[in-house]
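Colleague: Sequence unavailable; structure follows:
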């Protein structure tokens, strides 16, 4: 793309902008010859390019040959302050939060928490995510540190406040903080308040019930890890005689305000509960492959009308690879044994990586679709690459062959945030360098316990074992 185009988009001046790409990716599919008018952070008009050029004669069209304009991805489940330890999860068994994430986040101070969150936001933006849902930090810092990192990076953030209080006899303090948090970001253009509980057993019954009510009243979501690991399901059965999702239903905590993270271990009854209550799910396929017990039955959720988005769980920030993993995991876990060669037909995963994800995190009326009146959170994707140029079915190709290298530009709230993978108004490489320094110190302070050795050590052990066997 012409470098002058980037300069124009970086400092466009006042007034609307008229984007004229080769196509606009709408929910029903790519619309060739369409365009979009953006002003004050929102889409003011979307339609045939000739019509918009004619009806906006005062605007100089920004022509984007070889590009598709599509909605930015929504990461429905992230842990922004865990970015310093992302690679510590490799080869580890499930429930690593007890051995890795809790001690690592506990070792963060204000600067390292800010840098970790901004680093995660940068990776997300590079991967085409314009919105991330942060499930709450365990770092002993004001959660506004994470909000500041998201704002400074330029990404939209659903910001969770952890309300764990299982060890307290009085839920009042946790609930007071929850109310304050929900009011704190009212009107913020990029940060949207959310409540969070790590797992159902981490909060009192009263807090689970009341946070659900508070979130419902304020139009926010409560993020809870639910039915993720066998150990958690079994602890709930021992304690309550109910599985975690069943327990939340029994106390009235299910509903449209709940965003159930993972939900990999679901019975048919629990799928019915999700559908009947309007509860949303974050389907996190890469997390299932890297550190889980199972793969959430997302194709069954789609068939039953269960609301769900796709989440990275902080594994890797590439929206296209996440969509591919969503389809691939369903094919391996369910499609192969039933002869389902389609497994969502491609469009399902783009839908739930964008519009479905926005709905799941409580922002469906604000973002997730290229439509008039919604936030201008979008990508310009180069479709002249070897992977996409010979196109027969663009939605399928974006799922199977797309990757972040094909993203020319990322816009959030109508502002250009990244160009060719680099921030346009702050120093990305400097942040990465500082993060590398702080990460080494933080991991050194944290009492992290790993079960699996590094890949090099594992190879050496395997070699010794083969030598001994001979």
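Modeller: Yep, that arrived. In this text, all values refer to a predicted model and were calculated from it rather than measured experimentally.

Colleague: Next, count neighbours for the spatially closest residue to residue 366 that is not a sequence neighbour.
Modeller: In space, not counting the residues next to it along the chain, residue 366 is nearest to residue 375; the distance is 5.5 Å by Cβ to Cβ, 6 or more residues apart in numbering. Using the backbone N, CA and C atoms, a C-beta is placed for each residue, glycine as well. Neighbour count of residue 375, defined by other Cβ atoms under 10 Å: 27.

Colleague: who's in contact with residue 375?
Modeller: Residue 375 sits next to 41-43, 156, 366-367, 412-414 when contact means Cβ atoms under 8 Å, 6 or more residues apart in numbering.

Colleague: pLDDT at the residue nearest in space to the middle of the chain, what is it?
Modeller: By Cα atoms, centre = their mean, the chain has its centre lying nearest to residue 75, at 1.3 Å. What the model reports for residue 75 is a pLDDT of 98.

Colleague: Is it in a helix, a strand, or coil?
Modeller: At residue 75 the chain is in strand, as set by DSSP: H, G, I helix; E, B strand; the rest coil.

Colleague: between the contacts of residue 375, which is nearest residue 283?
Modeller: residue 367 (18.8 Å; Cβ to Cβ).

Colleague: That closest one: neighbouring residues, count only.
Modeller: When neighbours are counted by other Cβ under 10 Å, residue 367 comes out with 28.

Colleague: Tell me which helix or strand it sits in.
Modeller: For residue 367, there is no host helix or strand (DSSP states H and E).

Colleague: Count the neighbours of the residue lying closest to residue 310 once chain neighbours are set aside for me.
Modeller: With Cβ to Cβ, 6+ apart as the criterion, residue 310 has its nearest non-adjacent residue at 4.7 Å, and that residue is residue 353. Using other Cβ under 10 Å, residue 353 has 30 neighbouring residues.

Colleague: hmm, back to that, are any of the contacts of residue 375 buried, and if so which?
Modeller: Buried members of those, counted by 16 or more other Cβ atoms under 10 Å: 42-43, 156, 366-367, 412-414.

Colleague: In these, find the pair that's most separated.
Modeller: It's 43 and 156 that sit farthest apart of these, by Cβ to Cβ, at 14.8 Å.

Colleague: circling back to that earlier point, take the buried ones among the contacts of residue 375 and lay them out in a markdown table including pLDDT.
Modeller: A markdown table is the format used below for the buried ones among the contacts of residue 375 (pLDDT from 0 to 100):
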| residue | pLDDT |
| --- | --- |
| 42 | 97 |
| 43 | 98 |
| 156 | 98 |
| 366 | 97 |
| 367 | 98 |
| 412 | 98 |
| 413 | 97 |
| 414 | 96 |
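
Colleague: how close does residue 274 sit to residue 226?
Modeller: 10 Å (Cβ to Cβ, to the nearest Å).

Colleague: no, scratch that, I was asking about residue 410
Modeller: For residue 410, the distance to residue 226 - Cβ to Cβ - is 31 Å.

Colleague: Which one's more surrounded, the two?
Modeller: residue 226 (32 against 29).

Colleague: residue ranges of the strands in the stretch 1-150 of the chain, please?
Modeller: Here the stretch 1-150 of the chain has its strands, by DSSP state E, counting those that start in this stretch, at 17-26, 29-32, 34-39, 42-48, 62-71, 73-78, 129-134.

Colleague: Which strands or helices does the shortest one pack on?
Modeller: What that stands for is strand 29-32. Judged by 3 or more Cβ pairs under 8 Å, 6 or more residues apart in numbering; DSSP states H and E, strand 29-32 is in contact with strand 17-26, helix 394-401.

Colleague: And for the closest residue to residue 82 other than its chain neighbours, the neighbour number?
Modeller: The shortest distance from residue 82 to any non-neighbouring residue, by Cβ to Cβ, 6+ apart, is to residue 314 (5.1 Å). For residue 314, the neighbour count with other Cβ under 10 Å is 27.

Colleague: Next: residue 345.
Modeller: 13.

Colleague: Next: the one 5 residues further on.
Modeller: Neighbourhood size, residue 350 [other Cβ under 10 Å]: 29.

Colleague: Which pLDDT value goes with it?
Modeller: So, for residue 350, pLDDT stands at 97.

Colleague: ok but it is inside a helix, no?
Modeller: Yes. Membership of residue 350 in a helix is supported by three-state DSSP.

Colleague: Now do it against residue 134, distance only.
Modeller: 23 Å.

Colleague: per-residue confidence averaged over stretch 219-229?
Modeller: 97.

Colleague: in that stretch, what's buried?
Modeller: Buried residues in stretch 219-229 (16+ other Cβ under 10 Å): 220-229.

Colleague: Over to stretch 360-367?
Modeller: 360-364, 366-367.

Colleague: One more: stretch 295-313?
Modeller: 295-299, 301-302, 306-313.

Colleague: Quick one: end-to-end distance for that stretch.
Modeller: 14 Å (Cα to Cα, to the nearest Å).

Colleague: if we can go back for a sec, need the residues touching each of residue 274 and residue 226.
Modeller: What both residue 274 and residue 226 touch, as defined by Cβ under 8 Å, 6+ apart, is the set 245, 260, 263.

Colleague: Count the residues that sit near the spatially closest residue to residue 99 that is not a sequence neighbour.
Modeller: Of all residues not flanking residue 99 in the chain, residue 449 sits nearest, at 4.2 Å (Cβ to Cβ, 6+ apart). Residue 449 is flanked by 11 other residues according to other Cβ under 10 Å.

Colleague: contacting residues for residue 449?
Modeller: 99-100, 103.

Colleague: could you dump these to JSON lines with pLDDT and distance to residue 146?
Modeller: Formatted as JSON lines, the contacts of residue 449 follow (pLDDT from 0 to 100; distance: Cβ to Cβ, whole Å):
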{"residue": "99", "pLDDT": "85", "distance to residue 146": "23"}
{"residue": "100", "pLDDT": "85", "distance to residue 146": "19"}
{"residue": "103", "pLDDT": "85", "distance to residue 146": "19"}
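
Colleague: got a winner among these for most neighbours?
Modeller: residue 100 (22 neighbours).

Colleague: circling back: as JSON lines, the strands of the stretch 1-150 of the chain with distance to residue 325 would be great.
Modeller: As requested, the strands of the stretch 1-150 of the chain are exported to JSON lines (distance: least, Cβ to Cβ, whole Å):
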{"stretch": "strand 17-26", "distance to residue 325": "20"}
{"stretch": "strand 29-32", "distance to residue 325": "22"}
{"stretch": "strand 34-39", "distance to residue 325": "29"}
{"stretch": "strand 42-48", "distance to residue 325": "29"}
{"stretch": "strand 62-71", "distance to residue 325": "19"}
{"stretch": "strand 73-78", "distance to residue 325": "13"}
{"stretch": "strand 129-134", "distance to residue 325": "14"}
